[in-house]
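[1] Sequence first, then the predicted structure:
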Amino acid sequence: MTRPTPKEIKAIADVAGVPVEPDVATRIAGSIGPAFEGFAPIAGTLPFDLEPASFLLAQTVKVSR
Amino acid sequence: MSSEPALMSLTAVAKAIAGKQLSSHEVTRSCLHRIAQWQPKLNAFMTIEAEAALKAADAADTELAKGQNRGPLHGVPLAHKDMYYDAGHVVSCGSLIRRDFVASTTSTALQRLKDAGTIRLGSLGMAEFAYGPTGHNYHYGAVHNPWKFGHVTGGSSSGSGSAVAARLTFAALGSDTGGSIRMPAHFCGITGLKVTWGRVSRAGAMPLSQSLDTVGPLARTVEDCALLVGLMAGADPEDPTASTAPVPDYMAATSASIKGLRIGVPTSFYVDDLDADVAKILDDTIAVLKREGAVIVKVDLPDQRQLSSACQLVLATEAAAYHKRWLIERPQDYGPQVLMRLQNGLAIPGVLYLEALRWRGPALAAHVAATANVDAVLAPVAPVAAPSIAESDIGNAPDAEAVIQRLTRFTRTINYLGLPALSIPSGFTAKGLPVGMQLVGRSFDEATLLTIGAAFQRATDFHEKVPPSA
């Protein structure tokens, strides 16, 4: 996944009900874009039946050395 | 006993009041005296409630004279980050939008401290809506670092960091969503405990990101943090995400030995691009822990950049969702930096947000596997000491964004994994600015961090250093 373009950001913000001006969309693209790129190796690779609640299970795993 | 009660630790002053060596009135007056000296320079307090505090102190002394002791913090005056709901009091959240918001309930964490006997000194400054890592606040002005005026305190618990370091309050609640307890602790030379996500109830605490928010203390010593978290932790019917896991005896943990405990030092990321002072202090910290009997080993952690990115996606989306109504109705009432950060969340598709949440379990499992051979991981809180307020002021300094990005890279990964982390004062730079190290533990194993941190503080005196007079 690559970082979204200002045009895409403007569209998604409009749909979210919080329209932004083009210059704001450009700034957002520069600011949050690196997070999209950093997460790109994970996005689209997760197994079908993985629940967000798996985090709570991982929290309770006992570790023994 | 110190001639100036405000200079004592929380545990020491609580014992002195309970034992009637000091009255709550004397202690409160001592804090108010220091607040009057420091506040004009630090801007650490949002409100100072001197008259009410002294009245409450007198009531606490009267109760004690009658043999009525409310709890382990009877008559101890405290102030907290201005985001903890306290019924009948304004809770501004550091914002213009909530400048006149009067809470109708009291947050669970705060209520548990009140039940233990604390009294209210006032409220402390913070980044607007806890969404900023430096201590800048567009509406109320930046909070200053008592070690060097004109330098940041770290945020978002900026007032908590500054006021505890300057000995204006014995401890303070902060909150940590991406580093907001550990960074002020690091920059201000005090101790801060970010608890495991779910360890302390978030009910009545202003939300920023429900998946990442944690409630915790900033204090002068590890022992003080242990006392406070022991009082606050545990199940809460008002917060279904608060864990029902038993609360260990954290105070007992602070006197245990670290002999044989294994502490991992990351081989990458947390040791990359450190300022020379921070790198030396990391080495010095390792040497102290070794001398105290810990076994230091290298650990290879999974890719931390992916964790950091996932954390940013979760935080930005959840923060934007909380604020959506005000983003529509009152965008002009946000400071420019906070508005920009909130707008970032508008760009994240729902599917990507949920992927970032779904990955959290496997990411934590991978971390647990990578650290199975150690009891805790040691890393710097940040690669640098406190920058100046001017150089980290977005909009006025050309490199501010880069400066700020550098501050938060070692903390937000831990929030994504929901792990506990204890920030301890570990040394000073050549310019006299404090530096902290963080000990990162296993989920719900705050006790081991407190054991290691307390042993470090028995062997060093960085936590006892007080900023020169205002």
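    Perfect, thanks for sending it. Numbering: from 1, shown residues only, chains lettered A, B, ... in the order given.

[2] Roughly how far does B:Ala162 sit from B:His144?
    In this structure residue B:162 is Ser, not Ala. For B:Ser162, the distance to B:His144 equals 7 Å [Cβ to Cβ, to the nearest Å]. Placement of C-beta: from N, CA and C, glycine included.

[3] you'd agree B:Pro425 is in a strand?
    Yes: inclusion of B:Pro425 in a strand is indicated when DSSP: H, G, I helix; E, B strand; the rest coil is applied.

[4] contact partners of stretch B:209-216?
    Here stretch B:209-216 makes contact (Cβ atoms under 8 Å, 6 or more residues apart in numbering or on different chains) with B:107, B:109, B:173-178, B:181, B:192-197, B:199-202, B:205, B:207, B:225, B:229, B:232, B:241, B:311, B:314-315, B:318-319, B:322, B:357, B:360, B:415-416, B:418.

[5] Pull out the buried positions in it.
    Residues of stretch B:209-216 classed as buried: B:Ser209, B:Ser211, B:Leu212, B:Asp213, B:Thr214, B:Val215, B:Gly216 (neighbour count, 16 or more other Cβ atoms under 10 Å in any protein chain shown).

[6] Closest to chain A out of those residues?
    Each of the buried residues of stretch B:209-216 was scored against chain A by Cβ to the nearest Cβ, and B:Ser211 proved nearest at 8.5 Å.

[7] just the contacts of stretch B:209-216 that are near chain A?
    B:Thr196, B:Trp197, B:Leu357, B:Arg360, B:Gly418 (Cβ under 8 Å from any Cβ of the partner chain).

[8] Can I get the buried part of the contacts of stretch B:209-216 as one PyMOL selection?
    Selecting just the buried residues from these in PyMOL takes one command, with 16+ other Cβ under 10 Å as the test:
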select buried, chain B and resi 107+109+173+174+175+176+177+178+181+192+193+194+195+196+197+199+200+201+202+205+207+225+229+232+311+314+315+318+319+322+357+360+415+416+418
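
[9] B:Ser162 and B:His144: which is more packed in?
    Shown here are B:Ser162 and B:His144; by other Cβ atoms under 10 Å in any protein chain shown, B:Ser162 has more neighbours (35 against 23).

[10] so who does B:Val76 touch?
    When the contact criterion is Cβ under 8 Å, 6+ apart, the partners of B:Val76 are B:Leu10, B:Val13, B:Ala14, B:Ile17, B:Ser24, B:Val27, B:Gly117, B:Thr118, B:Ile119, B:Phe170.

[11] before we move on, what about B:Tyr250?
    When the contact criterion is Cβ under 8 Å, 6+ apart, the partners of B:Tyr250 are B:Ala226, B:Leu227, B:Val229, B:Gly230, B:Glu446, B:Ala447, B:Leu450.

[12] Looks like the second one contacts B:Thr11 (just checking).
    Yes: contact between B:Leu227 and B:Thr11 holds when scored by Cβ atoms under 8 Å: they sit 5.7 Å apart.

[13] tell me which helix or strand of chain B sits lowest on mean pLDDT?
    One helix or strand of chain B scores below all others by mean pLDDT, DSSP states H and E: helix B:400-408, with a mean of 85.

[14] And the furthest pair within the ones next to chain A among the contacts of stretch B:209-216?
    B:Thr196 and B:Leu357 (17.4 Å; Cβ to Cβ).

[15] thinking again about what came up before, closest to B:Thr221 among the contacts of B:Val76?
    Distance to B:Thr221 across the contacts of B:Val76 (Cβ to Cβ) is lowest for B:Leu10, with 7.6 Å.

[16] what about that closest one, how many neighbours?
    As a burial measure, B:Leu10 scores 25 neighbours (other Cβ under 10 Å).

[17] Same check on B:Lys259?
    Neighbours of B:Lys259 under the rule other Cβ under 10 Å: 10.

[18] again, but for the one 3 residues further on
    Other residues lying near B:Arg262 total 16 when counted by other Cβ under 10 Å.

[19] can I assume it is in contact with B:Lys290?
    No: B:Arg262 is not in contact with B:Lys290 according to Cβ under 8 Å; the separation is 11.5 Å.

[20] what residues do these two have in common as contacts?
    Among the neighbours of B:Arg262, those also in contact with B:Lys290 (Cβ under 8 Å, 6+ apart) are B:Ile296.

[21] Looking at residue 15 now. What's its pLDDT?
    With no chain named, the answer covers chain A. In the predicted model, A:Val15 carries a pLDDT score of 90.

[22] oops, I was thinking of chain B
    The confidence metric pLDDT takes the value 98 at B:Lys15.

[23] Convert stretch B:392-400 to CSV, retaining C-alpha atoms only.
    Written as CSV, here are the backbone C-alpha positions of stretch B:392-400 (Å, rounded to 0.1, in the frame of the first residue of the first chain):
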residue,chain,number,x,y,z
SER,B,392,10.0,22.3,18.4
ASP,B,393,7.3,24.9,17.6
ILE,B,394,5.5,23.8,14.5
GLY,B,395,4.7,26.8,12.4
ASN,B,396,7.6,28.9,13.7
ALA,B,397,10.6,26.5,13.3
PRO,B,398,11.4,25.0,9.9
ASP,B,399,12.6,21.7,11.3
ALA,B,400,10.0,21.3,14.1
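
[24] Give me the contact status of that stretch with chain A.
    No: interface with chain A: stretch B:392-400 contributes nothing (Cβ under 8 Å from any Cβ), its closest point being 10.4 Å away.

[25] same deal with stretch B:441-459?
    Yes: Stretch B:441-459 lies in contact with chain A when judged by Cβ under 8 Å from any Cβ; the contacting residues are B:Arg442, B:Ser443, B:Phe444.

[26] Tell me the most packed of those residues, by neighbour count.
    The most neighbours, when the residues of stretch B:441-459 next to chain A are compared by other Cβ under 10 Å, belong to B:Ser443, which has 25 neighbours.

[27] Touching, B:Glu49 and B:Leu124? I think so.
    No: assessed by Cβ under 8 Å, B:Glu49 is found out of contact with B:Leu124, at 11.9 Å.

[28] quick one, which of those two is more surrounded?
    Using other Cβ under 10 Å, the more surrounded residue of B:Glu49 and B:Leu124 is B:Leu124, with 32 against 19.

[29] Hmm, the more buried one is touching B:Lys81, no?
    Yes: B:Leu124 is within contact range of B:Lys81, at 5.3 Å (criterion: Cβ under 8 Å).

[30] overlap in contacts of the two?
    By Cβ under 8 Å, 6+ apart, the residues touching both B:Leu124 and B:Lys81 are B:Ser157, B:Gly159, B:Ser160, B:Ala172.

[31] Now for the residue of the stretch 351-470 of chain B found nearest chain A, how many residues are close by?
    With Cβ to the nearest Cβ as the measure, the residue in the stretch 351-470 of chain B that lies nearest chain A is B:Gly361; the distance is 2.8 Å. Counted with other Cβ under 10 Å, residues neighbouring B:Gly361 total 20.

[32] for B:Ala103, same thing?
    When neighbours are counted by other Cβ under 10 Å, B:Ala103 registers 18.

[33] Would you confirm that it contacts B:Asp86?
    Yes: checked against Cβ under 8 Å, the pair B:Ala103 and B:Asp86 is within contact range at 5.7 Å.

[34] ok, the residue nearest in space to the middle of chain A - contacts?
    Most central residue of chain A, judged by C-alpha distance to the mean C-alpha position with Cα atoms, centre = their mean, is A:Phe36 at 5.8 Å. By Cβ under 8 Å, 6+ apart, A:Phe36 lies in contact with A:Met1, A:Thr2, A:Arg3, A:Pro4, B:Ser309, B:Leu313, B:Leu352.

[35] and if you look at B:Glu401?
    By Cβ under 8 Å, 6+ apart, the residues touching B:Glu401 are A:Ser31, B:Ile394.

[36] ditto for A:Ile42
    By Cβ under 8 Å, 6+ apart, the contact list for A:Ile42 reads B:Gln306, B:Ala310, B:Glu355, B:Trp359.
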